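A.B. asks: sequence-free structure coming up:
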Ligand SMILES: Cc1cc2nc3c(=O)[nH]c(=O)nc-3n(C[C@H](O)[C@H](O)[C@H](O)COP(=O)(O)OP(=O)(O)OC[C@H]3O[C@@H](n4cnc5c(N)ncnc54)[C@H](O)[C@@H]3O)c2cc1C
């Protein structure tokens, strides 16, 4: 039973629930695998549903009113997430746009960027992607080598390659981290840009995953021209913008931790369908351990709804994502042991078992998140970073340093 800290929040929950009772029937299935429609149609339905939620005021609840939001609190946004999940309907399709890009543009964007980009982002009229990772820059994101050169007229020319770009094939815009100065140490020569994904010189090459889905792509930028107004924040200040964006991403992933994995009741029902598993002490022990972690995550999420942590000052929140993915991976292993090959024949379990290992990397790997928590939350001695103060163009092999 959800606990609401105030009667105002309880009334808000009742309003969300009431709206969902009337409109949940119009929602598409959350997962493409369970939707009989072809993927393009599924995506169109998910986008239309996002627009419906936005128009009803349930998305962007905690955004400032002058950014197109409702000016409410993160607790209100958490209530909406909880009620959507309880109703079994999807939330926003553009999780990158809502979870990462919008908070970044709200914090660092110019007034023109806010008014141009936030309203269509909220309704999924324009979907966004995040152009950060590269073949030589993932955990060590500050090693980004995509180059943006300024022209005398103030415009920019961009060339490079991005990897793992989720939703690139659906995106109208990308938030891109690029190197604008190679003569300074790696964290200082970066700048954040807004990139129209239909710009001349951009090639998007979707990558097919083991699950059969194509969630992300390689993106090639070949002498792409951007205007001076494409810069988000300060030229050379891209690292600060990126750290805020990554904190937002980890926090969004943590908030969805339980749904990232699966409700413990769903696992229990699947295991209980095999009578011999119910009395097997090994299955009981393994299920008990996993259930404890998933139920603890549910409790953490309720706490976070009442007192949402600041992802920048409380990086420990990101540990929920590490815990959720690890617990759900173990649950997938247990299901496969109990159900045998039938586990993979079921589309939903098959998708979960093949998708989860990737989530150990998405939004920062387990090792990197643990390092961030160790250093920033626990005050442990920092990792040695030998390349931190060396100008980027004097690194022995740019891109092979530590973050
Ligand atoms: C499903 C999915 C979606 C993604 N979506 C996007 C997206 O939309 N946009 C985007 O820009 N990126 C995206 N990514 C990329 C993601 O951010 C990177 O995969 C992640 O940052 C890790 O980088 P890497 O894959 O290059 O691995 P690497 O950095 O090469 O790491 C390989 C291994 O080495 C370990 N390691 C590396 N450095 C250290 C260290 N200093 N200490 C200890 N261990 C270390 C890592 O933990 C990992 O186990 C996505 C990835 C996935 C899987």
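C.D. replies: Yes, it's here. On a predicted model such as this, the values are computed, not experimentally measured, just so you know.

A.B. asks: alpha carbons only for contacts and neighbour counts from here, please
C.D. replies: OK.

A.B. asks: so which residues on the protein come close to the ligand?
C.D. replies: 129-133, 137-140, 164-166, 358-359, 361-368, 402 (C-alpha under 6 Å from any ligand atom).

A.B. asks: just the buried ones out of those residues, please.
C.D. replies: Applying 16 or more other C-alpha atoms under 10 Å to the residues of the chain next to the ligand, the neighbour count classes 129-133, 137-140, 164-166, 359, 361-366, 402 as buried.

A.B. asks: give the contact list for the residue nearest to residue 272 when sequence neighbours are not counted.
C.D. replies: Excluding the flanking residues, the one nearest residue 272 by C-alpha to C-alpha, 6 or more residues apart in numbering is residue 278, at 5.8 Å. Listed by C-alpha atoms under 8 Å, 6 or more residues apart in numbering, the contact set of residue 278 reads 271-272, 284.

A.B. asks: mind listing which of those are in helices?
C.D. replies: 271-272, 284 (DSSP state H).

A.B. asks: show me which of these are buried.
C.D. replies: residue 271.

A.B. asks: pick the one among the ones in helices among the contacts of residue 278 closest to the ligand.
C.D. replies: Closest to the ligand out of the ones in helices among the contacts of residue 278 is residue 271 (27.0 Å), distances taken as C-alpha to the nearest ligand atom.

A.B. asks: right, and the closest one touches residue 335 too?
C.D. replies: Yes. Under the criterion of C-alpha atoms under 8 Å, residue 271 makes contact with residue 335 at 6.8 Å.

A.B. asks: residue 63 against residue 75, yeah?
C.D. replies: No. Using C-alpha under 8 Å, residue 63 is not in contact with residue 75; the gap is 11.9 Å.

A.B. asks: could I get the ones in helices among the contacts of residue 278 as TSV with pLDDT and distance to residue 156?
C.D. replies: Rendered in TSV, the data for those read as follows (pLDDT from 0 to 100; distance: C-alpha to C-alpha, whole Å):
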residue	pLDDT	distance to residue 156
271	91	56
272	92	59
284	96	60
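
A.B. asks: in helices only, show me the residues of the chain next to the ligand.
C.D. replies: Filtering the residues of the chain next to the ligand for helices - DSSP H - leaves 358-359, 366-368.

A.B. asks: now the helices for the stretch 151-300 of the chain?
C.D. replies: Taking DSSP state H, counting those that start in this stretch, the helices of the stretch 151-300 of the chain run over residues 238-255, 257-260, 264-272, 275-278, 281-306.

A.B. asks: how about those, which one is nearest residue 213?
C.D. replies: helix 257-260 (16.6 Å; C-alpha to C-alpha).

A.B. asks: report how many residues lie close to residue 38.
C.D. replies: The tally of other residues near residue 38 (other C-alpha atoms under 10 Å) stands at 10.
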